[in-house]
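>>> The sequence and its predicted three-dimensional model are supplied below.
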Amino acid sequence: MNGFSTEEDSRDGGAGAPGFGHICCLVDDGERCNRPAGNASFSKRIQKSISQKKLKLETDKNVRHLYICDFHKSFIQSVRNKRKRKGSDDDGGDSPDHDAESPEVDLFQLQVNTLRRYKRHFKLQTRPGLNKAQLAETISRHFRTIPVNEKETLAYFIYMVKNEKMRHDQKSDSNIH
């Protein structure tokens, strides 16, 4: 706190980039995790879902950050996804359009300006002054609600790639003559 870093600060991560030099802040079943932390944070919402699932995960009270390792991040995501699938009322059953193993998109990897542009584009209502983690969490909730027809999207993507390639080939051919 006096401006000098201690051995504990360097071990648990002092100031700097998110997750850089940090050790995971979680205590798993009474044992402190020693994996390197990524840039995912252990938000209040995640803490609440963990406590509801009665998992034995908590933050180490001696650590001044909330960054967690990739192992715990994927573990928490899998627990949250399982809960959503079981309780989902609009589950499409065995429909190919509803993929039970839909990938989770980590929007925390995006820059704050990109998150703000997404928020502005979709006119999302949020309270002012959100930090990056809160903004990413809000946008992630919205992103998961957007319906996507995979077959139609892939067909359109392939169509556009082929047509763009053809346009590109025509441009390069016209430059030759």
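It's in.
>>> got the contact list for the closest residue to residue 126 other than its chain neighbours?
Spatially, and ignoring its direct neighbours in sequence, residue 126 is nearest to residue 138 (5.5 Å; Cβ to Cβ, 6 or more residues apart in numbering). (Glycine included, C-beta is placed from N, CA and C.) The contact partners of residue 138, taken as Cβ atoms under 8 Å, 6 or more residues apart in numbering, are 119, 124, 126, 130.
>>> Which of these sits closest to residue 50?
Residue 50 lies nearest to residue 130 out of these, by Cβ to Cβ, at 21.8 Å.
>>> Okay, helices next: where are they in the protein?
Applying DSSP state H to the chain gives helices spanning 7-12, 44-52, 70-87, 112-121, 132-145, 150-176.
>>> In terms of mean pLDDT, which of those ranks lowest?
When those are ranked by mean pLDDT, helix 7-12 comes last with a mean of 43.
>>> Not counting its neighbours along the chain, what's nearest residue 77?
Closest residue to residue 77 apart from its sequence neighbours, by Cβ to Cβ, 6+ apart: residue 104 at 5.0 Å.
>>> Next one: that neighbour, what pLDDT does it get?
Residue 104 carries a pLDDT value of 74.
>>> correct me, but it touches residue 76?
No - using Cβ atoms under 8 Å, residue 104 is not in contact with residue 76; the gap is 10.1 Å.
>>> higher neighbour count, those two?
A count of neighbours by other Cβ atoms under 10 Å puts residue 76 above the other of residue 104 and residue 76, at 21 against 14.
>>> show me the contacts for the more buried one.
Neighbours of residue 76 in contact, by Cβ under 8 Å, 6+ apart: 46, 49, 50, 57, 68.
>>> mind redoing it with 10 Å?
Residues in contact with residue 76, defined by Cβ atoms under 10 Å, 6 or more residues apart in numbering, are 26, 40, 42, 46, 47, 49, 50, 53, 55, 57, 68.
>>> From the residues you listed, keep the buried residues only.
Taking 16 or more other Cβ atoms under 10 Å as the criterion, what is buried in the contacts of residue 76 is 26, 40, 42, 46, 50, 57, 68.
>>> what about the second one, distance to residue 104?
In other words, residue 40. Between residue 40 and residue 104 the computed distance is 11 Å (Cβ to Cβ, to the nearest Å).
>>> residues shared between the contacts of these two?
Joint contacts of residue 40 and residue 104 (Cβ under 10 Å, 6+ apart) are 73, 74, 77.
>>> What subset of those is buried?
Burial of those was assessed by neighbour count (16+ other Cβ under 10 Å); the buried members are residue 73.
>>> from the shared contacts of residue 40 and residue 104, which single one is nearest residue 154?
The closest of the shared contacts of residue 40 and residue 104, once distances to residue 154 are taken by Cβ to Cβ, is residue 77, at 24.3 Å.
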